[in-house]
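S.K.: Have a look at this prediction, sequence included:
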Amino acid sequence: MFDINNAEERKQKIFNLLKIKFEGLYENNLGFFEYSVNNKNILFEYKTYRYKTVTNILKVYLDISIVEEDIKKLCKIHFNCANIDNRDWVEMEVDVFFDTLNNLVKYSNKTVSKIIYETDIYISEKRAERNKK
């Protein structure tokens, strides 16, 4: 059986590692790690599972709540999205070959940049298409 204390220790360790990389990161009341960069709200969600081995997963979420409804609907079709605390978020998992905590943190910045870039480009394209009509 998976030791819950070990899971909490892992969560605390990844939080401490992420805080070094993302200044101003804090744990919100829902247990997500929250961060803002360039007026973009970012959430990190850490999960760990144990079947035969321990699996670590770090997801990054980008808040799209303030995007116009018509564009937001298209985002929900194009991207993996989630509704967290009555806000809409684009979701992307940190992609690593070895899912160690250090690797997840190492590549988290790349995922944050990717989710912001891809979402901004998509929203800009859809706004341009809408405005042509």
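M.R.: On my side now, so go ahead.
S.K.: Mind listing residues that contact the helix or strand of the chain with the lowest mean pLDDT?
M.R.: Ranked by mean pLDDT, DSSP states H and E, the helix or strand of the chain with the weakest confidence is helix 4-21, at a mean of 88. For helix 4-21, the surrounding residues in contact (C-beta atoms under 8 Å, 6 or more residues apart in numbering) are 25, 27, 33, 44, 46, 48, 56, 58, 101-102, 104-105, 108-109. (Each C-beta comes from the backbone N, C-alpha and C, glycine too.)
S.K.: in it, what counts as buried?
M.R.: 7, 10-11, 14-15, 17-19 (16 or more other C-beta atoms under 10 Å).
S.K.: Likewise for stretch 103-116?
M.R.: Buried residues in stretch 103-116, defined by neighbour count with 16+ other C-beta under 10 Å: 104-105, 107-108, 111-112, 114-116.
S.K.: Okay, helices next: where are they in this structure?
M.R.: 4-21, 69-78, 101-132 (DSSP state H).
S.K.: average pLDDT for the last one?
M.R.: If I follow you right, that is helix 101-132. Across helix 101-132, pLDDT averages out at 95.
S.K.: swap in stretch 81-95?
M.R.: 96.
S.K.: Straight-line length of that stretch, end to end?
M.R.: By C-alpha to C-alpha, to the nearest Å, the extent of stretch 81-95 from end to end equals 17 Å.
S.K.: which residues does Glu45 bridge with?
M.R.: Beta-bridge pairing for Glu45 (DSSP bridges): Lys59.
S.K.: Check the contact between it and Lys59; I expect there is one.
M.R.: Yes. Here Glu45 reaches Lys59: they are 4.4 Å apart, a contact under C-beta atoms under 8 Å.
S.K.: got any residues that touch both of the two?
M.R.: By C-beta under 8 Å, 6+ apart, Glu45 and Lys59 have no common neighbours.
S.K.: Quick check: PyMOL command selecting the buried ones in the contacts of helix 4-21.
M.R.: With 16+ other C-beta under 10 Å as the burial test, the buried ones among those are selected in PyMOL as follows:
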select buried, resi 25+33+44+46+48+56+58+101+104+105+108
